[in-house]
Each structure stands twice: as C-alpha cells, then as structure tokens.
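**Student:** what follows is a predicted protein model with its sequence.
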There are 2 protein chains.
Amino acid sequence: MPDRLVVFTPSGKRGQFPDGTTLLDAARKLGADLDSVCGGRGICGRCQIEVATGQFPKHGIESRAEAITPWNRVEQRYADIRGALKSGRRLGCQAHLEGNVVIDIPAESQVHRQVVRKAADTRPITLDPVVTLHYVEVAEPDMHDPSSDFRRLADALRNEWGIADARAENAVLATLQKTLRAGQLKVTAAVRHGRDIVGLWPGLVDRIFGIAVDIGSTTVAAHLADLTTGETLASAGVMNPQIRFGEDLMSRVSYAMLNPGGDREMTAVIREAVAALVAEVAAEAKIDPDRIVEIVAVGNPIMHHLYLGLDPVELGGAPFALTVDQALDTSARDLGVVGASGAVVHTLPLVAGHVGADAAGMILAEAPYAGEDITLLVDVGTNAEIVLGNRHRLLACSSPTGPAFEGAQISSGQRAAPGAIERLRIDPLTLEPRYRIIGSDLWSDEPGFDAAAVVTGICGSGIIEAVAELFLAGIVTADGVIDGALALRSPRIVPEGRTFTYVIREGEPRIAITQADIRAIQLAKAALYAGIRLLMDHYPVDRVDRIVLAGAFGSHIDVKYAMVLGLIPDCPLAHVRSAGNAAGTGARIALLNLASRAEIAEVVRSIVKIETALEPRFQEHFVAAMAIPHKTDSFPNLAEAVTLPVRAATASSERRRRRGG
Amino acid sequence: MPDRLVVFTPSGKRGQFPDGTTLLDAARKLGADLDSVCGGRGICGRCQIEVATGQFPKHGIESRAEAITPWNRVEQRYADIRGALKSGRRLGCQAHLEGNVVIDIPAESQVHRQVVRKAADTRPITLDPVVTLHYVEVAEPDMHDPSSDFRRLADALRNEWGIADARAENAVLATLQKTLRAGQLKVTAAVRHGRDIVGLWPGLVDRIFGIAVDIGSTTVAAHLADLTTGETLASAGVMNPQIRFGEDLMSRVSYAMLNPGGDREMTAVIREAVAALVAEVAAEAKIDPDRIVEIVAVGNPIMHHLYLGLDPVELGGAPFALTVDQALDTSARDLGVVGASGAVVHTLPLVAGHVGADAAGMILAEAPYAGEDITLLVDVGTNAEIVLGNRHRLLACSSPTGPAFEGAQISSGQRAAPGAIERLRIDPLTLEPRYRIIGSDLWSDEPGFDAAAVVTGICGSGIIEAVAELFLAGIVTADGVIDGALALRSPRIVPEGRTFTYVIREGEPRIAITQADIRAIQLAKAALYAGIRLLMDHYPVDRVDRIVLAGAFGSHIDVKYAMVLGLIPDCPLAHVRSAGNAAGTGARIALLNLASRAEIAEVVRSIVKIETALEPRFQEHFVAAMAIPHKTDSFPNLAEAVTLPVRAATASSERRRRRGG
C-alpha cells in the first residue's frame, strides 16, 4: 500500500501513513490532539474533522475531499442517533486515507482546547483535566480461563487505551459487576492520572463534571464545570455554618481550644455545607451527581485544616505550624460528598501558617510568577494575605489587619449584606452625606430610597469610603482626627466624650462614624500597608507595576478610596484591579488543567515567606502608615484619582483663622 | 585515619572503614543485616553485637575486644534504663572501630531473622514485614522558614532513614501534631512499603503487631504476631455470624440474591466479627490495638467479597466471575477495625471463582511451587479446593463435594463441636462399635464415659471413620451397600424401609448411619476424588509424591480412613499430612514476609485453572469413584495402612453360603 501524506491543522503536525489508515489513528500517532472517548467506534462523535480542500503549496499537496474514504454506515448511524454533523464534518475514526490531504481539527474536537476566561488580562486555561473518559468493551467472562471482571476491564483499558496497571478502590469495585452487566460489558471509565478508575458507567458516557470550591471563613462558594468543555455550568454560595462557633478565624480556633471535640464539630458542619453546595450546583446544572469525578478545594489554613479533619489549634499561636502544606487527594466519600464512586477532593498546597490554599489559588489565577511585572496580590480578610513579585521571585506574608475591613468592631459596622451602606459620598461644602446600600440601586438622596430600602449598618467597603470621603471633605485630618471645629458648621459632627463623631444617619439604627472607628480603620490599613511595604523592602522594589485586590472585600471596594486611605501603595489606577474570587478561580484552573497543579506546587515551594511578627521593620512601617497619605509622600498617582484635601484642609484652617479660631 | 577491616558473621560481609566508624554504620553500608529502630541514638538496643575474639586466619585478622572503643555513657544509660546487656554484648551504634575485628550479629539483632514454624517439613519464614519502625527527631517549627509538621517529619525520615517522599493519609495526619508535641518532636513512625506512614507514636516505640485472619464460612480465626520478632502472641476463633443467613456458602449467596441489601447485612456482620476478634487477640496479648499496623486476611471467594463489601451474587452461578482477583490493600478503618491510624488490611489474591484467597494462603504455606515433589493440596469444605503440581506447573480446581463431609445432610450429622462422635471403630467379629466424642478423651467402652459426656451426633471425620470401618468390618460392600444379611448376626443392623441402617447408639439422640448417609458420603468423596483425578490427568501424572489435607476437616480426619474410602489417591501414608489451618498460615507468612506477597501473586497468576463443570472426564471419574476402592485397583499403599475386607467380605459370603443364603 502506498504511503499518504497527511497534515493536520492548526497544529501543523504531519506524517506519512499507509493507505487506509484512519484519520484518528494518524492524529494519535502524530500527537495531533484529536479527541475520542469511544476509541474509534464511531459512537462518541468527538473526533470530527474537516478536509481542507485546495492547493497547499507549502505542503506540496492538492487536498481534495476524495482523499478520504466516503461517508460510511457507521457515520450514518451516528448521524441518525445523535443528529446530523455540521456540513463538511466527518468522523475521524471512520474516514480512511486514500490520498494526500490537509485535515482541519476544529476547536471542539481538540482534547486540549482553550477555555475562555472572563477577564481579558488573564492567561487562558488549556483544558487538560486530571480525569479522562475511556469507553471500552470488556471481554466476556470465560470459565476456561477464569479472570475477574476487574482484570478484564483493566486489560481492555490497557489494550484499547494504553492505560497500564489500572487501579480502583473498593468503593469503585463494589459497583463494577452491576455496571458491567447493565452495560452488557460496554462501559465508560473515568480514569484519574491515567491510572485510577474513579467512575464507571454502563455504555457510552461523554460528559463528566468537576467542582471548584472556595471555603472562606464567611462564605463557601462552588462552581460546577463540564470537564469535557471547561464551561462553568452552575455556581452557588452559602454562609459558612461555622460562623455559629465564631465570626472570625481566631474565635473558631479558640472554640476548638476550649471545647473538647470542638474541631470535629466544626469539621462536621463545613463538610455538610460543602456536600450540600455540591448537590445544589449539580441540581442547578441538572446533572447526575454520579458524574462528578473531581473537586478542587481551596481555603485559608484554618478552613483547609478543619475541612480535612485536621485540628487547627496549632494555627492559633506561634509558631503557627501547619499539619501539612502539600496538595492532598482525599476520597470525596470520606468528606461526605456524593459524587462518582471514586471521586476525589484535591486541595491546593498551602504557603504558610497564615497564607493558605486560597492564596495558592489566587497566585495560580493571577500568575504573577509568569511575567516580568512586579505584581502585588492582596486578599483581605481578618488576616490579609499578601503576595509580591514576578517570575524571578515571589514573596508572601500575612498581616493582622483585624476584622475592621469586614465591618466588625466598628460601631455601626456589619457584614456585606442587604441593608449595609456600601457606597458613600460627602459634599465638601455642605458636609452632607449621600449613600447607597447593598440591595438597592438608589442613592439615599434619590426619590423612593426610604420606601425601597431598610438601612441596617455599614459594611467594610462603606467604611473605607466613609473615612476617605471624610478625609477628602476635610472633616478628618491626615492624622485621622475628626475636626471638632466643624461641629459649628454641620450638625452631623457631634461631640461624644472627648472626641467627635460624624453621623451619617439619625434614627433607628443610627449610623455614624466615631473617632474610634477611624482609629480601627487606621490600624487595619496601617497593618495592610506595613505588610506590603515589608515585602517591597525584602524584594527590594520601591514601586509595583500592578495591584490585584482579591476576595469579597477586594471586589467591593472602590480602588480609588483604597489608595486615598493608603491601603495599597501608589500605582497607576488603571493597573489596579479587583479580581473577585481569585482563590476560586485558581481552584477552577487546577480543576481544568492538570499541569497547573504541579506548577502551583512548585511556585508555592519557591515563595519566600516573610513572618511579619519577626520583622522589626514591620512595626516601623506600621507606625508610619497610620496617617492618611498626601500625594506628596510617594503617591503621585493619587492625583489621577482625586483632588486631595490640601485645599480643603487649607480652606478649613482659613475659615477657622477668619473666625478667629 | 587508617582504614580498619571489619568482618560480620554470620553473613561473612566484610569491608574496610575509617577508624572511628560505628559498627552500625559499617553493617548498614555492607548490608550486614543489623537492626536499629532509633537510628543510632543508643536507645532502642536493637543493634547489639559481640566481638568474636581470637585468630581468624581466613580473614587474616586477630580480633580482640580492644578493636572497638570502650563501653560508653550512652550504653551505660541504656543499661540503666532497659537492663544490663548480655555479657559480651555492645551497642553497635556506640562502638567505634579502632582495629581490625570480627563482629558477630546475634539472631535477635538481625532484621531478617528466621521465624521458626511448627511443622518440621515446612519452609522457614524470613522476617521482613511490610511495615518497619523508624525513630526520628523532627526539627522545631521555624517561623523564619515556615514548613508544615508533616514536611519536617518527612524530611527527618528522608535524612535519617533514606525514606524518600513519605506519605500519610488524612487519618494519620489528623494525629500528627498532637503526637509530635506529646513526644517533644521525638516520634517513631511505622512506615509501610518504605513510603506510607501508617502509625506514629510519641518517643521510641520498638514493637508493632500484625494480625493474620482466616475468614472461613463456619469459623473465623485470628493470630496476632509481633512484627519485630515474628512470634505469634495470641490466637482466637469465633463462629462466622453469617451462619444465621445460611449454613453453607451457596445459601448465603441465595440470601444476597433474594434479599435486597442482604449482601450488605452479611458484610456488616463479618466486619464486626473480625473487628471483635482483632480486639480480642490484642486484649489477650495485652497490647495496645493502636500498635496493630497490618492485617492479612484470607477467605474463600464469597467470604473475601463479602468482607470487602463486594456483592457475591455473580459467584452464585456460571461463569462464576469474581469482581477482583488481585491482592488488595484496604484501610482497616474502612473495615471497622481499630488499629494504628493508617493500618491496612491486605487480602491475598484469589485463584478463581471457587478457589479463593484461602487457597492462595494454603499454597503459600505449603509452597508446592518450590520443589520437585508432585504435591496434592486439598482443602475440603462445601467445595473442595484442590491444587496439584510442583515447581514446573500448578493446577487448581474446585469440586462440589457438598456439605456431607461437614456433617450436614447426614441423618445424625452435626458440625465438629463438643458431643460429636469424631472417632469410631467397629469390631469385625462382633460388629460392635466403640467411639470417642469431641470434648472427651475416653472411648465409649471405657469406664466413666457416660458420666463424663453427652453424645449429640456425629461430625464429618466421625462419618468418614464410620463408613470406612463399616466397610472394613464387611458390613458395607465395595459398592456402598449395607449388607442386610448381617441383620441376623447383629442387632445393630436394622431394616428401615427397603434399606438397612447401622445403629451406633440407641437412646436420645439415637445415632445411626443410614444407607442414604453412605450414599451422601460416596457422592462427596467421589466428587473430591474426581476433581483430584482430573488435575492428575491434566498434569499429567498417575501418582502424587505427597498429600496435604488442609482446613478443619483435613485436620480432624485420620488420613488412613480417607485413603480407605478413596477420598485421596494412593500415596505412602507417611507422605500424607494434615496441615491444619494452612490458609491462616499463609496469611501469617504474608504478614511477616513482604517478598512472599509478590511470590504468591505470581504463582496464583501462573496456576492453570480447571473448571470441573466444563470437563466431561470429571463425570466419568465421578462415576468410577463412587465405589470404595480395593488395594488391587491402584491403591498399593493401602496395604500399609489396613487389612482390607477382601477376607471379611469373603468370610461374610462364606457365612451366607453356609447358612444357605
């Protein structure tokens, strides 16, 4: 038989094959990335290809549709059952070479297709999940040569797919015989890492699913993805039920310390919550949970440990020793999750005692290690997790910002929930506020606001804006003091004890910013900024190229106000971005792309960890960062954002002077 | 520093080392099999050695006690705490080379010492368990270089013991921090396969334990072994609680078929029974169950599947497909066994649908594959598992002997339990019986028998003897017919319907052997013999060199009667042996010696399986084997054992003839 030249596009892979070779075989031998679940039986339809017709001088080919065998009965059967193929499409496993040809593999026929991500400036994800599907026809049991069903399944996987030494745990084995018989020995196996059978279904199955879970101290979020397309099909979130054991992380650790078995109680409730969330996204996407084969979970160290059943008490005090920092695979069943019989929960590695798998997810999502830009990643919670660097070097630390940014320990503070003030403006002339609450699109000075909404408090991003606007309006000085002299000018500024308070709203509840609130915000922002400065010193750099604010707080605040207050260092505002749930995005990447797991493991190991508590300079930076910055002191880009209250402060002094103050 | 020559005995390993090298280091470098748990810290005392003093011309050494450094403070501390060393003994980790020397490693200091087995003709077991002990001192957590406790433990195992990439499942990780702190970072790890941490204890631990379990359909037996010496410390047995679902295997499979969830019920009760048995042997040996690191379990295919939670219904009918035949490792915790946090249950491989892990255990215990002798292994239960061959070839089959050999479906039959007749003799002249029951040492014609014992029935071995003695006394013909003519001579032979019965004992309960009983025994023994013949045909051989009868039945019957009845082929009686619980012995070997696991896995795969149901010759052999053999028909060795009733039969015919019969 003569050899034929075949060229696959877009890869450009080319080779000579004997007349009669199927295009699927040719593509496989060349590594030309043509998908198949059924192994060339013409039933899965994954290997669709098109003949590129015409002259291809660079290949020396005239490629014609007749260079492959005509449409056959298997293809017709496929079309009859599953619907007609797109015009020009053929099944690569049914079309045989009869001449030189150029073959196009469309995106949906590629195994390693690219998954589109929302943000334009992020890297694309190449679909290459840890679990792959393999349809096989298992040999009949033979009394003359008795061998177990598992052995014959493993033999089929070896012979048809080159999977050597397939393994399965007992939970999978327990389903094996019924599944084989239900499928009349034709089954589809989900194989993890090319070796472990984690799911098995009768007949042809061509879709399996994975779930990315971000276990935050406050909320738990899950995203269900189709592992065969990379598409996210459903998302859901729920409050972390551990909140009843303590609002913040440290109070939960205290609960575990003070109550024997307290850690196990918290483990039980978070496992239940994750399991319920998995069931919820499966129901929302209308898929059988039995098809869920892989879950990737991230969380801060304490959430990570509690979810896996590891007592977090050592994380409650120095030296903050993690039990384990490596990525782990745990049976989903052991964690109470209903999925495929061998489904696995993969947890990302942890960076350090305060910098968890959520940080690893954030780093994977934003990939500062992939470029030259000095990137600052900040995820603010009770502790801020801070990462700084680029492809040459990455540093990380956590800084004890406390709960103020989350609205806790603030007189009118509350969590970000309907009714909480999240946006606030103060007129620099009248000193009157206007605001907007979560759950309403109206500003407080717009008609119908009072009818439409109940104001309940002020959340983290609202407090940031309030303090920044107080500063911009000249009510608060650069030192963070509410200027009591203005009480004469506005009834909103009232004395309370020896300090003054700015009243946003009278009534029930009264919402106000006290001097103590401003001090709390100053402490929090000084801690955050000091942590960032510490990393910049260690790198060393004196400016950053881009800033990414991650997490719920990061996605709610207006970055302009973050810079006004000096939460973050100077940077062109266009290069400051809220990344939303970057930790969850990282989990999703690890779910869809196997190589990313090794990548993040290596990056995490290489990160230089800075322990703020051990650094004398942290204290210096902290003290220096208490004040609210002026553009003169190293924030040139602030001018781009706002007019700083040099004028306002001056005007105020002027007024006082004129009044004889 | 000058090099010194050291020669270790008994291995004869020798090498040159710099002055000052410890004997432990020298032994390790030479692979001279010197034990150590503490890694050379002088606290475990495992590396004790002796200087062999004198002239050693073949080594060119004059070896003197002064060739090693003197007794030091570490050794004195060890002796103060743990007791004086035997005279002449030193700790190999504390004694340093200062001259040429011959060092003897006593048996108890060898890692791979030989374990003594009871039977003289069995292979010794070399102690080399899958789990080994490693004492380490883990580095303090360091906030400047944060790493998890697990990583530092793994680093210590790598640095001190060369264990690369230690792993631990979550249940082990969950105990890690408390254990490390309880031991002030000094811990002993039990490491399986040189990689998986399956147990972790504070301080130095120098004993761990394993358990061999044989799950029979009727009884479950467990033996607890010290994995550091190989010694069996405790044994216990219990009835298989599944008996309430059916006496024999097939009735249990039927239960699973007829009752949804029936397999899970049976799984639950057998797991409970094994867990209780493990707790019992641990209590008997007065050891902490937390030190149990490995369990090896064997059982027939149905017991094996039920214990692992695999539905056995496919084993209830052709083609008798096993779910899985490979050896498996299952978390002991998943099977409800309380042991070390990562303890594993290892099940031996299965041979075929009717020939289970118990047969694999028997094969491992008797090792027919290791020699030239054509060996016949028989384990009789409801199915007989039969193995035949030698190191060139092994064949196996099972034969449906039915429950007669176990006393079931026999008119006066019962299980082997106190009160059951197990030995029986018939006087060929008076035709009177005498017998002995389980639980009594007296024969029925000895004084005090009636006062001491309550006769309840006749067990399998008793029935074999009864039928054989009836034949030898001339009461039963070679065709298996009770000779009614003898009713005239003895009141024990009575007509019942159209056949005759031999009454062993009148009263309550009356115990007798009916014609139907003899038919049942004939069917059972013909099935067994036909299976054996079939394997002999396939091999092909026409005689066997040795016969091993395994299992409860095999250990109770007198092999002489087995040969009289023709259960087994002709063989010199001295080469026929009862092996007792050979399956359990095989489990114990796999527990103590890692290499034996690979060995039996390879042997099991190489066995030629013969399916009796598919072999027309089985039926022929079966029919031919119904009769009771005479020495003339290929049982020459019978003459050695008994005087066959040719004479008796002739005498009886003579009597009949004289009486005019």
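**Tutor:** That came through, no problem. Residues are numbered from 1 along each chain as shown, chains lettered A, B, ... in the order given.

**Student:** residue numbers of the stretch 201-350 of chain A in contact with chain B?
**Tutor:** A:308-311, A:313-314, A:318-326, A:328, A:330, A:334, A:350 (C-beta under 8 Å from any C-beta of the partner chain). All C-beta spots, glycine's among them, are computed from the backbone N, C-alpha and C.

**Student:** do the stretch 1-150 of chain A as well
**Tutor:** Within the stretch 1-150 of chain A, the positions lying close to chain B (C-beta under 8 Å from any C-beta) are A:140, A:141, A:142, A:143, A:144, A:145, A:146, A:147, A:148, A:149, A:150.

**Student:** same check, this time on the stretch 501-650 of chain A
**Tutor:** A:609, A:611, A:613, A:614.

**Student:** if we use 10 Å, what do you get?
**Tutor:** A:605, A:608, A:609, A:610, A:611, A:612, A:613, A:614, A:615 (C-beta under 10 Å from any C-beta of the partner chain).

**Student:** make JSON lines out of those residues and add neighbour count.
**Tutor:** Shown next, in JSON lines, are these (neighbours: other C-beta atoms under 10 Å in any protein chain shown):
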{"residue": "A:605", "neighbour count": "13"}
{"residue": "A:608", "neighbour count": "15"}
{"residue": "A:609", "neighbour count": "20"}
{"residue": "A:610", "neighbour count": "25"}
{"residue": "A:611", "neighbour count": "21"}
{"residue": "A:612", "neighbour count": "24"}
{"residue": "A:613", "neighbour count": "15"}
{"residue": "A:614", "neighbour count": "11"}
{"residue": "A:615", "neighbour count": "18"}
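
**Student:** ok, those vs residue B:504, which is closest?
**Tutor:** residue A:605 (79.2 Å; C-beta to C-beta).

**Student:** what's the following helix or strand after whatever helix or strand that closest one lives in?
**Tutor:** Using DSSP states H and E, residue A:605 sits within helix A:595-606. Following helix A:595-606 in sequence order, the next helix or strand is strand A:608-609 (DSSP H and E).

**Student:** tell me the contacts of residue A:468?
**Tutor:** Applying C-beta atoms under 10 Å, 6 or more residues apart in numbering or on different chains to residue A:468 gives the contacts A:424, A:426, A:476, A:521, A:557-558, A:560-567, A:628, A:642.

**Student:** ok, 6 Å please
**Tutor:** A:561, A:564, A:565 (C-beta atoms under 6 Å, 6 or more residues apart in numbering or on different chains).

**Student:** hmm, the first one is touching residue A:464, no?
**Tutor:** Yes: the pair residue A:561 and residue A:464 qualifies as a contact (C-beta atoms under 6 Å) at a distance of 5.1 Å.

**Student:** more neighbours: which of these two?
**Tutor:** More neighbours surround residue A:464 than the other of residue A:561 and residue A:464, with 27 against 23 (other C-beta atoms under 10 Å in any protein chain shown).

**Student:** wait, is the more buried one part of a strand?
**Tutor:** No: looking at residue A:464 with DSSP: H, G, I helix; E, B strand; the rest coil, it is helix, so not inside a strand.

**Student:** just the strands from the stretch 151-300 of chain A, written as ranges.
**Tutor:** A:186-192, A:196-202, A:209-215, A:219-226, A:232-239, A:292-299 (DSSP state E, counting those that start in this stretch).

**Student:** and the helix or strand hosting residue A:547, how far out from the chain middle?
**Tutor:** Using DSSP H and E, residue A:547 sits in strand A:546-550. Computed by C-alpha atoms, centre = their mean, to the nearest Å, the chain-centroid distance of strand A:546-550 equals 14 Å.

**Student:** listing partners with orientation, what would you give for it?
**Tutor:** strand A:375-380 (parallel), strand A:576-580 (parallel) (DSSP bridges).

**Student:** and the next helix or strand past the shortest one?
**Tutor:** Proceeding C-terminally, strand A:576-580 gives way to helix A:582-592 as the next helix or strand, assigned by DSSP H and E.

**Student:** counting by contacts, list what that following helix packs against.
**Tutor:** strand A:209-215, strand A:219-226, strand A:292-299, helix A:357-366, helix A:595-606 (3 or more C-beta pairs under 6 Å, 6 or more residues apart in numbering or on different chains; DSSP states H and E).

**Student:** ok, the nearest residue to residue A:490 once chain neighbours are set aside to residue A:470 distance?
**Tutor:** Leaving out its chain neighbours, the residue that sits closest to residue A:490 by C-beta to C-beta, 6 or more residues apart in numbering or on different chains is residue A:431, at 4.1 Å. From residue A:431 across to residue A:470, the span is 9 Å (C-beta to C-beta, to the nearest Å).

**Student:** looking at these two, which has the bigger crowd around it?
**Tutor:** It is residue A:470, of residue A:431 and residue A:470, that has more neighbours when counted by other C-beta under 10 Å, with 25 against 18.

**Student:** convert the C-alpha atoms of whichever strand or helix holds that one to CSV, please.
**Tutor:** In this assignment (DSSP H and E), residue A:470 forms part of helix A:460-472. In CSV, the C-alpha atoms belonging to helix A:460-472 read as follows (Å, rounded to 0.1, in the frame of the first residue of the first chain):
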residue,chain,number,x,y,z
GLY,A,460,-16.3,47.2,55.0
SER,A,461,-16.2,48.9,51.7
GLY,A,462,-18.7,51.5,53.0
ILE,A,463,-16.4,52.3,55.9
ILE,A,464,-13.4,52.7,53.6
GLU,A,465,-15.4,55.2,51.5
ALA,A,466,-16.8,57.0,54.5
VAL,A,467,-13.3,57.5,56.1
ALA,A,468,-11.8,58.5,52.7
GLU,A,469,-14.6,60.9,52.0
LEU,A,470,-14.4,62.4,55.5
PHE,A,471,-10.8,63.0,54.7
LEU,A,472,-11.4,64.4,51.3
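
**Student:** how about the nearest residue to the residue in the stretch 501-650 of chain A that chain B sits nearest to, chain neighbours excluded?
**Tutor:** Across the stretch 501-650 of chain A, no residue is closer to chain B than residue A:611, which sits at 4.4 Å (C-beta to the nearest C-beta). Spatial nearest neighbour of residue A:611, excluding adjacent residues (C-beta to C-beta, 6+ apart): residue B:143 at 4.4 Å.

**Student:** what do you get for residue A:271?
**Tutor:** That would be residue A:336: by C-beta to C-beta, 6+ apart, it lies 4.6 Å from residue A:271.
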